[in-house]
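In: When you get a sec, could you give me coordinates for this:
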Amino acid sequence: MSGIFVPRPEEGAPGLTPDGRLKSGRLAGLGMGTAIWVLCWPILIESFLNSLVGLVDTVLSAQLGVPETDAVGSAAYILWFMGLIIMAVGVGTTALVSRSVGRSRLAVANAAVGQSLLLSAGLGSVVAVAIAAVAPSIAGALTKSEAGATAFTGYLQVVAVGMPFMAMLMAGIASLRGAGDSMRPLWAMVVVNIVNVIASWSLCGQDLSRLIEQDGVRTTEVILQNPFAFDLGVRGIAWGTTIANAVGCAIVMWMLVRGVGGVRLRRNRLRPHWHTLKRLVRVGLPNFFETFGMWVGNFLVFAFVIHLSQSDGPTGSHMLAIRIEAFSFMPGFAMSLAAATLAGQYLGAGSPRMARVAVTWCATIAALVMGSLGVLFVTVPEQLVSLLSSQPEHLQAVPGVLRVTGWVQVPFALAIVTRGALRGVGDMKVVFAITWATTYLLRLPLAYVFSGVDMPLPNGTVLQNPFRDEPSLTWLWVGLSIELLLRCALFSGRFVQGGWTKSRV
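Out: Next comes the predicted model:
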């Protein structure tokens, strides 16, 4: 990336050298191309590893059976909601730390680190209690069988134990990223994934297998036999995730105590400091409401998925498709975080022009990578699915979904990066408005129209879908893909308009 063309910054940018290099923080002295590379490749691998935690849970649950896969898929939506609260703290942390580092105000950055950890620990504990309490009452509504409901409840209640650890882990990683350090979060997630894979597989008691076809007959082939005597099922998978998050939390806390680029965790910064907490909440709260709106919309889409069939299968297939698609949007996610950090630091250094260029290059790179992976979704989806599940229901339903989403990976990339950059610099009001508008005026109506699902209403009646006679998971994803195109246009338009360069944090 050293060949990236970068114009000279505006005159009077105090935080930059005359040739556009940052003067402070982990990225000090680096050209833009090098800075993007230094930030993005560790984030890419780290986001892959982060996603692998959920993927391992899905793959192992698929070894247990279709009800268990559906249960873990349904639980993922509940955990996503709970994670929104934690992520809101992380967004505020990254924005405040990156802007403070760009201005060489390291004391402010240190205060943000300590207060974000304090806030995340408290919120994580509240979230843990909420998950454990709500799981039994919603299990029946989100699964199609008694076995699925039991697995759903057990999985969530165990994962709840590790919520405070996960909250502090994510806040710590956000602090390191805001300071321009992507390497140490990467190593932390390497350890988290190693622990998760070993512990989850050991405790669940299942062999790893795949479905193969020989002479027209499908048989199950054991790839790796589980040598351990544990047989905890989905609870074992959940305990593996909880143990991994606790280990990761301890590692990141140790990294922050040692410090990075002048930013470190200090004991006196763990006492409540209301001014810093207010700044974190000012950025994080709008982010929560923005992502909450998206979650509600996606949860209603998930309700469509639940009612596509009267039996187990669609929810697990839907989640498996998302897990596979994650291999494509992870590069976009990595570039969005790089764009958020660079845009924040360049704005803090006094150069909106450099912030624009950084986001443009991140979006271009993401589009190229995600577009290439989209080609695989279109051309070899069956092979991709067979690597992760041996269930016939998944092998029948998921390939068609992947073909659909493969065609929209480029606009998806542009939407991810521009949205991430706007969030990273604190342009939350506009991000909030675009997210809610696209979710409720476009995503939900399109998903309903294309899915063909008949929705039961609270009064016992069923809302008949007049648009399609046969419910279809593939066609539901067609509706979601159309919304992605329109979302891309709106976020890209805001980026080009440039009002985000005047955002305050």
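In: show me where pLDDT drops low in the stretch 301-450 of the chain?
Out: 310-313 (pLDDT under 70).
In: That one: helices as residue ranges?
Out: Secondary structure of the stretch 301-450 of the chain (DSSP state H, counting those that start in this stretch): helices at 314-348, 352-379, 381-386, 392-406, 409-424, 428-438, 444-451.
In: which parts of the fourth one are buried?
Out: Judged by neighbour count (16 or more other CB atoms under 10 Å), helix 392-406 contains these buried residues: 393-395, 397-406. All C-beta atoms are positioned from the backbone trio N, CA, C, and that covers glycine.
In: Distance to residue 492 added to those, as TSV?
Out: Formatted as TSV, the buried residues of helix 392-406 follow (distance: CB to CB, whole Å):
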residue	distance to residue 492
393	38
394	34
395	36
397	32
398	30
399	30
400	29
401	25
402	25
403	25
404	22
405	19
406	21
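In: from the residues you listed, which is closest to residue 314?
Out: residue 397 (7.1 Å; CB to CB).
In: Please tell me how far that closest one sits from residue 74.
Out: Plainly put, residue 397 is 16 Å away from residue 74 if you go by CB to CB, to the nearest Å.
In: that older thread, adding distance to residue 104, write the helices of the stretch 301-450 of the chain out as a markdown table.
Out: Shown next, in a markdown table, are those (distance: least, CB to CB, whole Å):
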| stretch | distance to residue 104 |
| --- | --- |
| helix 314-348 | 9 |
| helix 352-379 | 16 |
| helix 381-386 | 47 |
| helix 392-406 | 43 |
| helix 409-424 | 19 |
| helix 428-438 | 25 |
| helix 444-451 | 46 |
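In: quick one: which of the ones you listed is nearest residue 87?
Out: Nearest to residue 87 among the helices of the stretch 301-450 of the chain is helix 409-424 (10.1 Å), distances taken as CB to CB.
In: Residue 232 falls within a strand, correct?
Out: No. Assignment of residue 232 by DSSP: H, G, I helix; E, B strand; the rest coil gives coil, placing it outside any strand.
In: can you count the residues close to it?
Out: Using other CB atoms under 10 Å, residue 232 has 17 other residues around it.
In: got a list of what it touches?
Out: Counting by CB atoms under 8 Å, 6 or more residues apart in numbering, residue 232 touches 203-205, 239.
In: Next: residue 473.
Out: For residue 473, the contacting residues are 305, 308, 314, 317-318, 397, 400-401, 451, by CB under 8 Å, 6+ apart.
In: The same query, at a cut-off of 7 Å, please.
Out: The neighbours of residue 473, taking CB atoms under 7 Å, 6 or more residues apart in numbering as the test, are 305, 308, 314, 317-318, 397, 401.
In: ok, and what's touching stretch 96-104?
Out: Identification of contacts with stretch 96-104 by CB under 7 Å, 6+ apart yields 15, 22, 24-25, 108-109, 112-113, 175, 178-180, 261, 263, 279-280, 283, 341, 344-349, 505.
In: do stretch 439-458 as well
Out: Here stretch 439-458 makes contact (CB under 7 Å, 6+ apart) with 293-294, 297, 300-301, 304, 307-308, 462-465, 467-472, 475-476, 478-480, 482-483, 486.
In: Where do the strands of this structure begin and end?
Out: Counting by DSSP state E, the chain has strands at residues 208-214, 217-224, 455-456, 462-463.
In: Neighbouring strands - and their directions - for the last one?
Out: According to DSSP bridges, strand 462-463 has the following sheet partners: strand 455-456 (antiparallel).
In: tell me the mean pLDDT for the strand it pairs with?
Out: On average, the pLDDT along strand 455-456 is 77.
In: Number the chain from 24, please
Out: Noted, 24 is the first residue going forward, which turns the last one into strand 478-479.
In: ok, residue 147 touching residue 185?
Out: No. Counting by CB atoms under 7 Å, residue 147 stays clear of residue 185, with 9.0 Å between them.
In: The two: which is more packed in?
Out: Just comparing residue 147 and residue 185: by other CB under 10 Å the higher neighbour count belongs to residue 147, 26 against 22.
In: ok, back up a step: just send the contacts of residue 496 back as TSV, with distance to residue 268 too.
Out: Compiled in TSV, the contacts of residue 496 are given as follows (distance: CB to CB, whole Å):
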residue	distance to residue 268
328	27
331	32
337	29
340	27
341	25
420	31
424	29
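In: which among these end up buried?
Out: Looks like the contacts of residue 496 have 328, 331, 337, 340-341, 420, 424 buried, using 16+ other CB under 10 Å.
In: now, the most widely separated pair of the residues you listed?
Out: Farthest apart among the buried ones among the contacts of residue 496 - using CB to CB - are 331 and 424, which lie 11.8 Å from each other.
In: Ok, which of the helices of the stretch 324-473 of the chain comes nearest residue 152?
Out: helix 337-371 (25.4 Å).
In: quick one, the closest one and helix 432-447 angle?
Out: Going by axes from the mean of the first three to the mean of the last three CA atoms, to 10 degrees, helix 337-371 is angled at 50 degrees with respect to helix 432-447.
In: Report all helices and strands that helix 337-371 contacts.
Out: Applying 3 or more CB pairs under 7 Å, 6 or more residues apart in numbering; DSSP states H and E, one finds that helix 337-371 makes contact with helix 55-87, helix 89-125, helix 186-201, helix 297-329, helix 375-402, helix 415-429, helix 432-447, helix 496-520.
In: mind giving me JSON lines with these and columns for distance to residue 470?
Out: Putting the helices and strands packed on helix 337-371 into JSON lines (distance: least, CB to CB, whole Å) gives the following:
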{"stretch": "helix 55-87", "distance to residue 470": "22"}
{"stretch": "helix 89-125", "distance to residue 470": "15"}
{"stretch": "helix 186-201", "distance to residue 470": "29"}
{"stretch": "helix 297-329", "distance to residue 470": "5"}
{"stretch": "helix 375-402", "distance to residue 470": "19"}
{"stretch": "helix 415-429", "distance to residue 470": "12"}
{"stretch": "helix 432-447", "distance to residue 470": "16"}
{"stretch": "helix 496-520", "distance to residue 470": "4"}
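In: That'll do, ta.
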